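Undergrad: Turn this into a model:
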Amino acid sequence: MVESVRYKAVGCVAVLILDRPPVNALGHGLRARLWAALHEAEADPAIAAIVVMGAGRVFTAGADIREFGTAKPGAAPTLPDLIRRIEACAKPVVATIHGPTRGGGVEIALGCHFRLAHGDTTLALPEVKLGLLPGAGGTQRLPRLVGLHHAVEMIVGGEPVSARQALDMGLIDEIAERPLRDSAVAFAAGLDGALVARRRTASLPIPEEERNPTEIFEEANATLDKKRRGEVAPRVCLESLRNCGPMTFEEGLAAERKLFLELQRSDQHRALKHAFFAERACFHVPGLSMAAEDGWLRRAAVIGAGTMGGAIAMNFANAGIPVRVVERDESRLEEGLVRVRKTYGVSVRRGTLAPGAVDRRMALIHGTTRIADIADADVVIEAVFEDMALKKRVFRQMDSASKPGAVLATNTSSLNVAEIASSTGRPGDVLGLHFFSPANVMKLVEVVRAERTSSRALALGLDLPRRLGKVGVVVGVCDGFVGNRMFHQYTRQAQILLEEGALPHQIDAALEDFGFRMGPFRVGDLAGLDIGWAIRKRRAASRPAGERYPPLADRVCEMGRIGQKTAAGWYRYDEGGRAPRRDPEVEAMIVARSREAGIARRDISGEEIVRTCVYRLINEGAKLLDEGLAMRASDIDAIWIHGYGFPRYRGGPMYLADTVGLPEIRDRLAAFARRYGDDWRPGDLICRLTESGASFADHDRGLGHA
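TA: Below you'll find the model as predicted:
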């Protein structure tokens, strides 16, 4: 890999250009070259100021996380030492920032004496998302520039801020115009070298704020209690930020580095690093010989303006892609478009979307009742009711109306994509794009490859989630694909536990304490229990004769309780409310079912709840891998993190299995099989890997992908 820092003198200004494609990651080689270039510029009497900028589309995306846990981060110069060298420079150093600048890139800028940023810049310190804190002075320098409140938001939240926000909070000094080098040189040439001592961030006091530090930290801790339970790194970030007041800069820096190294050795960091690479591996399909064509996606179409169809259309509008929404009559179409506008309105009220953006996005969504209007679409996504006959009828219409080469996709969550494709004259153009609900929020899309899906259609189908800012995972065709097939076993085990002695709130609490965003019964009420009920009725004829089938979910639906939309499901809800309340009627029905089945109810611990439900997931995931329906164990981890709220800091179910150890998983599954039945028997892949001393990670590497 080319690693260079290009040095160019422009009058009295030395311009140092970081050039390590594709994102100028601050690996050891680049750090060493920047150190040498700084020394050269400082030693040259003809140079009065120094500009540091990046080549390509970004200043720098930060540290090379592939080096984390290796010897290289400690190899001289380390990033903290490099930043201290920049800050100590006797000549003014100007950071000239553009593009999505992250982590160590922001910390480099904090060490410079002045900071310019182009209007397209976003800046973030997202280390917390990898189970770390900014370990090169970020927790000590940022508060001195922007105050504790903004520093807590940026470092504990890890989300980016725009150039305008950065200017308003004092993170940057000026928004620069293109060409950036000319703007930076002009700015640097006008600087007085005497300013340097006063511009060193390390020497600045923390700005006074309206609220005292105690209130800021108490509010941050309360937010973590509510939204980030179980995560270690956010608390450690707060601890390091808290050191800014009572400690000197040098003491705070030493404490920050100690905390960083402790986090780097933590299980949560290793799991989060795995999740980071798993997301990126999803987009690489072994054996796929072609990539998506540049500029292939100019227009899209969605068939169906219901809740799912409208939400899918929003994704295209959010990405700036015109989308046509087709409904069978004007009233349904109008109802769907009104729902979309209302959903955008919720984002405006929450402050996550500017009011003016609603009209701009709605202008990209065009409604029609004419199927012929999809003729110019590059991708057409069917999002109608989950009924095979209906979907096949719609696909015949899509086939007739779509242009040659258009990707024809079904949003089915469980139906056979190959059978749907057979209703067209171009099955090679057909695949599944299973958007997870709510589709305008959830990041996961299962890209379902049917037997006759062409390489071109697969390449385009996998490129589409990336363009929409989502995570796309290629899966094979089976009932429920990968995610829902596993979810079925997870919820089935939860209902078995209900029969044996647990209650819904106990199971939800145990799995939420483990780290799931919501337990299975809260998820069911939120999504609507009628959806799963319809799927179970469809599957009834093919259900194995000996399978243990708890009828509890069916009975809840038969009671007219289908979740939050009827104010009653597994729980009861106050009118207009979303907070679940235990319901004696449902709990009495559960106890009666145990009595009917001759099951003596017993106390079930939270540990047993978590172990049985999660190990059931792992076993089904292993079977999907063995059947070739999932390519990689890490793909399954990405599906469960982004589609089902599996705790990211645990790395996903398959990664968790490796950390627990496959021999332990195998033995526990065998014990559960003796209690619950033969379909709990450990899958063949788990047994083979255990016997060979291998892991799911070894399985992935053995297939030629990490």
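
Undergrad: ok, now which ones touch residue 320?
TA: Going by Cβ atoms under 8 Å, 6 or more residues apart in numbering, residue 320 touches residue 364. C-betas here are computed from N, CA, C, even on glycine.

Undergrad: how about 10 Å then?
TA: Applying Cβ atoms under 10 Å, 6 or more residues apart in numbering to residue 320 gives the contacts 360, 361, 364, 467.

Undergrad: Over to residue 656?
TA: 271, 614, 615, 617, 618, 637, 640, 646, 647, 650, 665, 696.

Undergrad: shouldn't the third one be in contact with residue 680?
TA: By that I understand residue 615. Yes - Residue 615 is in contact with residue 680 according to Cβ atoms under 10 Å; the separation is 8.8 Å.

Undergrad: Quickly list what's touching both of these two.
TA: Looking at what touches both residue 615 and residue 680 (by Cβ under 10 Å, 6+ apart), the common residues are 493, 668, 669, 672.

Undergrad: Need these in JSON lines (columns: distance to residue 189, neighbour count and secondary structure).
TA: Listed next are the shared contacts of residue 615 and residue 680 as JSON lines, based on distance: Cβ to Cβ, whole Å; neighbours: other Cβ atoms under 10 Å; DSSP: H, G, I helix; E, B strand; the rest coil:
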{"residue": "493", "distance to residue 189": "69", "neighbour count": "24", "secondary structure": "helix"}
{"residue": "668", "distance to residue 189": "69", "neighbour count": "18", "secondary structure": "helix"}
{"residue": "669", "distance to residue 189": "70", "neighbour count": "22", "secondary structure": "helix"}
{"residue": "672", "distance to residue 189": "72", "neighbour count": "19", "secondary structure": "helix"}
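
Undergrad: Which entry within those corresponds to the minimum pLDDT?
TA: Taking these together, the minimum pLDDT is found at residue 672 (92).

Undergrad: From residue 283, how far off is the nearest residue to residue 700 once chain neighbours are set aside?
TA: Excluding its sequence neighbours, the residue lying closest to residue 700 (Cβ to Cβ, 6 or more residues apart in numbering) is residue 632, at 4.7 Å. For residue 632, the distance to residue 283 (Cβ to Cβ, to the nearest Å) stands at 12 Å.

Undergrad: and the two most separated of the shared contacts of residue 615 and residue 680?
TA: 493 and 668 (12.8 Å; Cβ to Cβ).

Undergrad: that older thread, okay, residue 632 and residue 283: which has more neighbours?
TA: Taking other Cβ atoms under 10 Å, residue 632 and residue 283 do not tie; residue 632 has more neighbours (25 against 15).

Undergrad: tell me which element residue 17 is part of?
TA: strand 13-19 (DSSP states H and E).

Undergrad: just residue 237 next, same as before
TA: Using DSSP H and E, residue 237 sits within helix 233-242.

Undergrad: most surrounded residue in the contacts of residue 320?
TA: residue 361 (21 neighbours).

Undergrad: still on that earlier bit, enumerate the positions of the helix or strand following the strand holding residue 17 that are buried.
TA: Once the chain leaves strand 13-19, the next helix or strand it forms, by DSSP H and E, is helix 28-43. Neighbour-count burial for helix 28-43 flags 28-35, 37-38, 40-42 (criterion: 16 or more other Cβ atoms under 10 Å).

Undergrad: Next step: the contacts of residue 656 restricted to strands.
TA: Using DSSP state E to define strands, no part of the contacts of residue 656 is located there.

Undergrad: Out of the residues you listed, which end up buried?
TA: Of the contacts of residue 656, these count as buried by 16+ other Cβ under 10 Å: 271, 614, 615, 617, 618, 637, 640, 646, 647, 650, 665, 696.

Undergrad: Using the record's assignment, carve the protein into domains.
TA: 4-264, 300-475, 483-702 (automatic domain parsing).

Undergrad: Pull the contacting residues for residue 19.
TA: Contacts of residue 19 (Cβ under 10 Å, 6+ apart): 2, 3, 4, 5, 6, 30, 33, 54, 55, 56.

Undergrad: 7 Å - rerun?
TA: Applying Cβ atoms under 7 Å, 6 or more residues apart in numbering to residue 19 gives the contacts 4, 5, 6, 55.

Undergrad: ok, now how distant is it from residue 60?
TA: From residue 19 over to residue 60 the distance is 10 Å, taken as Cβ to Cβ.

Undergrad: Common neighbours of the two, please.
TA: Common neighbours of residue 19 and residue 60 are not found (criterion: Cβ under 7 Å, 6+ apart).

Undergrad: ok, so of the buried residues of helix 28-43, who is nearest residue 301?
TA: Once Cβ to Cβ is applied, the member of the buried residues of helix 28-43 that ends up nearest residue 301 is residue 30, at 45.0 Å.

Undergrad: was I right about the closest one contacting residue 23?
TA: No - assessed by Cβ atoms under 7 Å, residue 30 is found out of contact with residue 23, at 11.0 Å.

Undergrad: picking that back up, of the contacts of residue 656, closest to residue 687?
TA: Using Cβ to Cβ, those come closest to residue 687 at residue 665, 10.3 Å.

Undergrad: Assumed residue 549 was part of a strand.
TA: No - under DSSP: H, G, I helix; E, B strand; the rest coil, residue 549 falls outside any strand and is assigned coil.
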